[in-house]
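Asks: I need the structure of the sequence given here:
(one chain, ligands or ions: 2)
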Amino acid sequence: MTNVPAILPVAMGKKEIALLPGMANRHGLIAGATGTGKTVTLRVLAERFSAIGVPVFLADVKGDLSGLPRPGGDNPKVAERVKQLGLGGFEYEGYPVTFWDLFGEQGHPVRATVSEMGPLLLGRILNLNDVQSGVLTLVFKIADDNGLLLLDLKDLRSMVQFVGDNAERFRTGYGNIAAASIGAMQRGLLALTQQGADRFFGEPALNLRDLLQTDASGRGMINILAASRLMTSPMAYATFLLFLLSELFEQLPEVGDPQQPTLVFFFDEAHLLFTDAPKPLMEKIEQVVRLIRSKGVGVYFATQNPLDIPETVLGQLGNRFQHALRAFTPKEQKAVKAAAETFRTNPKLDVVKAITELGVGEALVSVLDPKGSPTVVERAFVLPPRSRLAPLSPEERAQVIRDSALYGHYERVVDRESAYEKLKEKAALRQAPEEAGGTVPGEVGKGGRAAEAKSQAGILIGALAKSAAHAIGSQIGRQIIRGVLGSILGGKR
Ligand SMILES: Nc1ncnc2c1ncn2[C@@H]1O[C@H](COP(=O)(O)OP(=O)(O)OP(=O)(O)O)[C@@H](O)[C@H]1O
Ligand SMILES: [Mg+2]
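Replies: Ligands and ions are numbered 1, 2, ... in the order given. Presented below is the predicted three-dimensional model:
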């Protein structure tokens, strides 16, 4: 881009502190107690990235970021900061924004297919234990082997039912499928459906390219995911963001050390990602964060305390903003000391003392220098944001959504033939000569009747073999296997 300086001024210490675009994919951290200015810092970073043409993804957890499309000028504290820092030429400005919403209300609907989500992450959303997750993986495998597409939740429900009804038959090829595991999945699926998650799964699924857009003047799109409602299920929130990260990792090409990031991904309330995460998942998160850098994606975690983030991940966050922390209790004092120790020392600055003294919108800042080493930590004022702090009204927001080039595409649900329809069709064929009342996949069966189930499975598998061979050769067939199950969590592509 022309006329835009390719640095990212973000704070004012003794002099201006700027992130280097070439180092911005080496991740970052925004930490601090509640009300200390984390979200404003995140906003300022997003604005700077957008200004140099870098698209951004962020989750709006408290609903206080929707003012980004409008110029500011509404906030006395911001005006005061402009004056205090003597920022000549400061101009209020709105930014290009795309609103997204898993519930499809506050933005374009965001969907993923069940197979993209993969058994590991789904197992986590469904609250499955290791054994149950293992059985879910088998369900996916059986679907793959039989060319049954798992797109939406009803596909998965009927597939789980089908595998449960034919557990005996699948035992030789796939291993033990305990009724208890099938039951746990069905309960989890029911709960998920009751939470309104039906609409997260299906098509058209999110095309990641739509997150990587720039506007007509070359500014990066700021993608805002409405997350306040999603936060009522923190596990689903964390899992969904992790899913997005891993999809980006899988789909984006290697770029080595780019001049500027392809995308910057902000992970607010980052501690949720790590709470109760089992060790294998933790290792994979660490791995994704480490490797996604070479895809040009910078990940910035925002959280209250840096110690919320495991050391292996924390060690990879090069660009740091530490806002104030409280130090009243011994536990808090310990946390402050530990937070201080994560910085490269500055002989002229007592970091421990400073962390407890910082005012709102003030931070200890250390960024990566051109060689990739952290600069000496400095006490600095975060620059004031240029966009409007007050959220958009529902009407203003609806207008932004309607004006988007994407409007209409994700709003229309597509329900093509997949596992649910196929299983239903085959069951109907099988039942046609009989009286009604048999076990229909897709409905909760009554169990028993092993012999009938066996012959039913036989017919099904025979009938499906052809479509399996077809599907596996096709793009869709490959997609089933890919997902998160594929390269990241399974180690194979
Ligand atoms: N850089 C800044 N310039 C001017 N004002 C600021 C700045 N940072 C923060 N403020 C003021 O402080 C208020 C609180 O900041 P912010 O919402 O970012 O805190 P937070 O740490 O995200 O809080 P919470 O943990 O509750 O989400 C802002 O609404 C704004 O008025
Ligand atoms: Mg906040």
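
Asks: How about the residues of the stretch 251-400 of the chain by ligand 1?
Replies: 360-361, 382, 384, 389 (Cβ under 6 Å from any ligand atom). Glycine gets a C-beta too; all of them are placed from N, C-alpha and C.

Asks: go again using 5 Å as the cut-off
Replies: 360-361, 382, 384 (Cβ under 5 Å from any ligand atom).

Asks: same question, the stretch 1-150 of the chain
Replies: With Cβ under 5 Å from any ligand atom as the criterion, the stretch 1-150 of the chain comes near ligand 1 at residues 34-40, 77-78, 81.

Asks: From the residues you listed, keep the buried residues only.
Replies: The neighbour-count test (16 or more other Cβ atoms under 10 Å) marks 36-40, 78, 81 as buried among these.

Asks: which residues touch the closest residue to N75 other than its chain neighbours?
Replies: Among residues not flanking N75 along the chain, L389 sits closest, at 4.7 Å (Cβ to Cβ, 6 or more residues apart in numbering). Neighbour list for L389: 40, 64, 67, 72, 74-75, 78 [criterion: Cβ atoms under 8 Å, 6 or more residues apart in numbering].

Asks: Quick one, which of the residues you listed has the minimum pLDDT?
Replies: When the contacts of L389 are sorted by pLDDT, the bottom entry is D74 at 85.

Asks: gap between that one and ligand 1?
Replies: Applying Cβ to the nearest ligand atom, to the nearest Å, the value for D74 to ligand 1 is 10 Å.

Asks: Next: Y174.
Replies: Using Cβ to the nearest ligand atom, we find Y174 at a distance of 47 Å from ligand 1.

Asks: okay, the residues of the stretch 1-150 of the chain next to ligand 1 in JSON lines with secondary structure next?
Replies: Shown next, in JSON lines, are these (DSSP: H, G, I helix; E, B strand; the rest coil):
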{"residue": "T34", "secondary structure": "coil"}
{"residue": "G35", "secondary structure": "coil"}
{"residue": "T36", "secondary structure": "coil"}
{"residue": "G37", "secondary structure": "coil"}
{"residue": "K38", "secondary structure": "helix"}
{"residue": "T39", "secondary structure": "helix"}
{"residue": "V40", "secondary structure": "helix"}
{"residue": "K77", "secondary structure": "helix"}
{"residue": "V78", "secondary structure": "helix"}
{"residue": "R81", "secondary structure": "helix"}
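
Asks: Same list (the residues you listed) but as TSV, adding distance to D308.
Replies: Output for those, formatted as TSV (distance: Cβ to Cβ, whole Å):
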residue	distance to D308
T34	13
G35	17
T36	15
G37	18
K38	12
T39	16
V40	20
K77	27
V78	28
R81	28
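
Asks: Name the residues of stretch 180-199 that are buried.
Replies: Under the neighbour-count criterion of 16+ other Cβ under 10 Å, stretch 180-199 has 181-182, 184-186, 188-189, 192, 197 buried.

Asks: of those residues, closest to Y95?
Replies: Proximity of those to Y95 (Cβ to Cβ) peaks at A197, which lies at 30.8 Å.

Asks: wait, that closest one sits on M235?
Replies: No - in this structure A197 lies outside contact range of M235 using Cβ atoms under 8 Å: 11.8 Å.

Asks: Please enumerate the shared neighbours of these two.
Replies: I125.

Asks: residues making contact with the host helix or strand of V82?
Replies: Using DSSP states H and E, V82 sits within helix 76-84. Contact partners of helix 76-84, identified using Cβ under 8 Å, 6+ apart, comprise 72-73, 90, 360-361, 381, 383-385, 389.

Asks: Adding distance to A339 and secondary structure, write these out as CSV.
Replies: Putting the contacts of helix 76-84 into CSV (distance: Cβ to Cβ, whole Å; DSSP: H, G, I helix; E, B strand; the rest coil) gives the following:
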residue, distance to A339, secondary structure
G72, 30, coil
G73, 34, coil
F90, 31, coil
V360, 18, coil
G361, 18, coil
F381, 19, strand
L383, 23, coil
P384, 25, coil
P385, 24, coil
L389, 27, coil
